[in-house]
Every structure is written in C-alpha cells, then in structure tokens.
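**Q** here is the input, now give the coordinates:
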Amino acid sequence: MRLLLCLVFSLPLVCGCASESATNTTGTNNADAAAAEDSKMLIIDVRSQEEWDDGHLENAIHIPHTEIGERIAEHTDDKSARIVLHCKMGGRAGKAKETLEELGFTNVENGGGIDDMRSRFE
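**A** Coordinates of the predicted model:
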C-alpha cells in the first residue's frame with residue numbers, strides 16, 4: 001500500500017519534469033525557426049547613394065526610396081517576404097513602405113533610422 005501511495009504522489013512530479021523538458025525542446029525549435037526567418041529577411045536602406053557611401057549596415061541592400069517600386073523585384077518577388085526598411089530618421093522608409101504595400105507586399109516594416117537599425121541588428 002505504501003508503495004502504491006508513493007507512486008501515486010510521485011507521478012505528478014515525474015509528469016511535470018517530462019512536460020518541462022518538452023517545452024524546452026519546443027522553445028529551442030521556435031528559436032531555430034526565428035533565426036531561419038531572420039536569415040530570409042531583407043533589410044533595405046532607402047537613403048541616397050551619398051548617404052549609403054558614407055556608411056551602411058553590412059547586410060543591407062541599397063535601394064533609394066524613389067526607386068523602391070521599380071527595383072524591389074531585383075531582390076524578391078515574394079509578396080510575403082519579411083522586409084525591414086530604414087533611412088536616416090524613418091520618414092523615407094515610411095514612404096517606401098507605402099509603395100511596397102501598394103504593390104502587394106504584406107510583411108513590410110519601417111525600421112526607422114539607421115541608428116535604430118544598428119542597435120537592433122549589429
């Protein structure tokens with residue numbers, strides 16, 4: 001009888017540990033999935049050529065905001081691709097975001113200014 005009681009009271013502890021282990025594994029898979037998604041993300045610098053030449057993010061693509069509609073197809077035709085735009089302060093990135101959304105892109109973010117982007121991605 002004592003053995004049976006020990007087993008009954010121990011079962012929730014064992015199940016709790018197994019459940020936690022499964023959660024950790026799932027969390028790792030989610031982190032891997034997020035990292036894979038970030039590797040597919042396009043970071044687009046929409047500043048002028050002169051601003052780009054003065055310095056830019058290593059992994060960014062340069063397309064001035066006035067050319068974004070004509071040149072986005074050089075880099076993706078996936079309308080659901082994750083695209084993060086930035087400029088000096090965020091204004092031109094906002095205009096470029098509107099242009100891409102008018103073209104049917106659905107996962108576009110205004111990342112703000114280059115300093116904001118440096119703190120996020122470098």
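**Q** can you give the domain ranges for this protein?
**A** Per the record's domain assignment (automatic domain parsing), the chain is made up of the domains 1-39, 41-121.
**Q** hey, least reliable of those by pLDDT?
**A** Mean pLDDT values for the domains of the chain show the minimum at domain 1-39, a mean of 45.
**Q** look up which helix or strand Arg120 falls in, please.
**A** Arg120 belongs to helix 114-121 when assigned by DSSP states H and E.
**Q** so where do the strands sit in the chain?
**A** For the chain, the strands defined by DSSP state E occupy 42-45, 61-62, 83-87, 108-113.
**Q** Gly94 is nearest to which of those?
**A** Using Cβ to Cβ as the criterion, the shortest distance between Gly94 and the strands of the chain is 5.0 Å, found for strand 108-113. Every C-beta, even on glycine, is put in place using the N, C-alpha and C of the backbone.
**Q** which strands and helices sit next to that closest one?
**A** Based on contacts counted as 3 or more Cβ pairs under 8 Å, 6 or more residues apart in numbering; DSSP states H and E, the elements that strand 108-113 packs against are strand 83-87, helix 91-102.
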